[in-house]
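Novice: generate a structure from the sequence data that follows.
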Amino acid sequence: MPETFRALLVEEAQGETRAGFRDLRDEELPQGDTLVEVAFSSLNYKDALAVTGAGKVVRRFPMVPGIDLAGRILKSSDPSFKLGDLVLATGCGLGETRWGGYAQRARVPSEWLVPLPRGLSLQEAMGLGTAGFTAMISLLILEEHGVAPGGGEVVVTGAAGGVGSLCVALLSALGYKVVASTGRLGETEFLKSLGASEVIGRETLPSLSRPLESEQWAGAVDSVGGATLAGILASASRHGCVVACGLAGDTGLKTTVFPFILRGVTLAGVDSMATPMPRRRKAWERLAKEMPKSALASLMGIRPLSDIPALSQEILAGKIRGRVVVDVSA
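Specialist: This is a model prediction of the structure:
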């Protein structure tokens with residue numbers, strides 16, 4: 001095994017962050033009971049904020065970004081894992097408080113690792129990554145609140161992005177009637193190819209500004225926030241469930257209590273970083289079985305680690321469709 005490995009390191013100097021590539025040694029990695037040879041990672045909105053310094057994502061410096069990683073065990077003191085086992089990790093503070101996936105090796109606590117589910121490759125696991133995991137947790141929440149296929153329309157916002165596109169594909173494959181909301185109507189045919197029954201413009205939902213609008217949505221998965229989320233709540237059907245999982249548009253939420261007390265609407269949140277391990281494993285097992293492989297393949301683009309700084313600017317500008325899988329060895 002080579003003595004050094006390549007990593008993208010974010011450092012802070014005089015209040016500014018800078019990302020650059022470094023060759024590191026194992027002894028520079030943080031403490032942990034398991035050493036992983038990272039094969040693939042992915043690019044998420046949060047990663048781009050960390051790499052560019054556009055958001056206060058990184059809590060300590062220096063930091064290896066990358067909230068997702070997948071690879072094989074090189075060494076572990078946990079008897080649950082042995083040399084060569086294939087594993088993945090998402091969230092858990094990776095890329096924020098703990099060195100993450102944008103390095104060819106990572107040392108992590110074994111309790112953060114999920115054995116790669118049968119039927120998924122390492123590359124496919126990172127095609128899903130935190131975005132796919134968030135989509136599946138959102139589905140679990142909808143199911144737990146009685147939103148079922150055939151029970152009414154489910155709207156997915158930010159539909160051309162990572163979480164949104166995977167959500168459209170997953171829900172459609174399971175028989176839900178999915179309406180995709182996007183600011184990129186040029187992606188209409190693409191979203192319909194993933195199974196969306198209808199595509200609406202980004203401006204449609206924020207325009208629903210009265211305390212209560214006509215009932216439209218049995219369920220919703222929102223990665224936008226702000227006026228978009230408020231519009232969904234105002235137009236949710238009686239006993240509908242709205243899942244909030246992102247803030248690509250706005251962190252604020254100006255609404256009224258009427259959807260909750262007059263229609264019994266549920267607003268539920270997704271914390272993909274700190275999901276308990278039993279639920280985490282359940283989500284990954286279901287992703288392996290239920291995410292259509294053809295849809296996943298159409299959503300993935302494979303890029304080398306060296307492209308991450310430029311790609312981070314693109315994803316923040318809303319120019320990336322679907323999922324970027326990072327080949328950490330390239």
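Novice: now the strands: where do they sit in the stretch 201-330 of the chain?
Specialist: Applying DSSP state E, counting those that start in this stretch to the stretch 201-330 of the chain gives strands spanning 217-222, 236-244, 266-269, 300-304, 323-327.
Novice: in the helix or strand encompassing L9, what counts as buried?
Specialist: Take DSSP states H and E as the rule and L9 turns out to sit in strand 4-13. Neighbour-count burial for strand 4-13, counted by 16 or more other C-beta atoms under 10 Å, picks out 5-10. Backbone N, C-alpha and C define where each C-beta goes, glycine included.
Novice: what does stretch 172-192 give?
Specialist: Neighbour counts over stretch 172-192 (16+ other C-beta under 10 Å) mark 172-174, 176-184, 187-188, 190-191 as buried.
Novice: average pLDDT across it?
Specialist: The pLDDT scores in stretch 172-192 average 97.
Novice: could you export it as CSV, CA atoms only?
Specialist: Output of stretch 172-192 as CSV, limited to C-alpha atoms (Å, rounded to 0.1, in the frame of the first residue of the first chain):
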residue,chain,number,x,y,z
SER,A,172,-42.7,6.9,-9.6
ALA,A,173,-41.3,3.4,-9.6
LEU,A,174,-43.4,2.5,-6.5
GLY,A,175,-46.6,3.7,-8.2
TYR,A,176,-47.0,7.2,-6.8
LYS,A,177,-48.4,10.0,-9.1
VAL,A,178,-45.5,12.5,-9.0
VAL,A,179,-45.6,16.1,-9.9
ALA,A,180,-42.1,17.6,-10.4
SER,A,181,-41.5,21.2,-9.6
THR,A,182,-38.4,22.8,-11.1
GLY,A,183,-36.8,26.1,-12.1
ARG,A,184,-35.4,24.4,-15.1
LEU,A,185,-38.3,23.6,-17.4
GLY,A,186,-35.8,22.6,-20.1
GLU,A,187,-35.5,19.4,-18.0
THR,A,188,-39.2,18.5,-18.5
GLU,A,189,-38.6,15.6,-20.8
PHE,A,190,-35.8,14.3,-18.5
LEU,A,191,-38.1,14.5,-15.5
LYS,A,192,-40.9,12.7,-17.4
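Novice: show me what contacts the residue nearest to V51 when sequence neighbours are not counted?
Specialist: In space, V51 comes closest to S312 once its chain neighbours are excluded; the distance is 4.2 Å by C-beta to C-beta, 6 or more residues apart in numbering. Neighbour list for S312: 43, 47-48, 51-52 [criterion: C-beta atoms under 8 Å, 6 or more residues apart in numbering].
Novice: now those as JSON lines including distance to G32, secondary structure and pLDDT?
Specialist: Converted to JSON lines, the contacts of S312 look like this (distance: C-beta to C-beta, whole Å; DSSP: H, G, I helix; E, B strand; the rest coil; pLDDT from 0 to 100):
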{"residue": "L43", "distance to G32": "24", "secondary structure": "strand", "pLDDT": "97"}
{"residue": "D47", "distance to G32": "20", "secondary structure": "helix", "pLDDT": "97"}
{"residue": "A48", "distance to G32": "25", "secondary structure": "helix", "pLDDT": "96"}
{"residue": "V51", "distance to G32": "23", "secondary structure": "helix", "pLDDT": "97"}
{"residue": "T52", "distance to G32": "27", "secondary structure": "helix", "pLDDT": "96"}
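Novice: can you lay out those residues as CSV showing distance to A288 and neighbour count?
Specialist: Shown next, in CSV, are these (distance: C-beta to C-beta, whole Å; neighbours: other C-beta atoms under 10 Å):
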residue, distance to A288, neighbour count
L43, 22, 30
D47, 23, 30
A48, 27, 24
V51, 29, 29
T52, 32, 18
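Novice: let's have the residues you listed in JSON lines, adding distance to Q216.
Specialist: JSON lines is the format used below for those (distance: C-beta to C-beta, whole Å):
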{"residue": "L43", "distance to Q216": "33"}
{"residue": "D47", "distance to Q216": "34"}
{"residue": "A48", "distance to Q216": "32"}
{"residue": "V51", "distance to Q216": "38"}
{"residue": "T52", "distance to Q216": "37"}
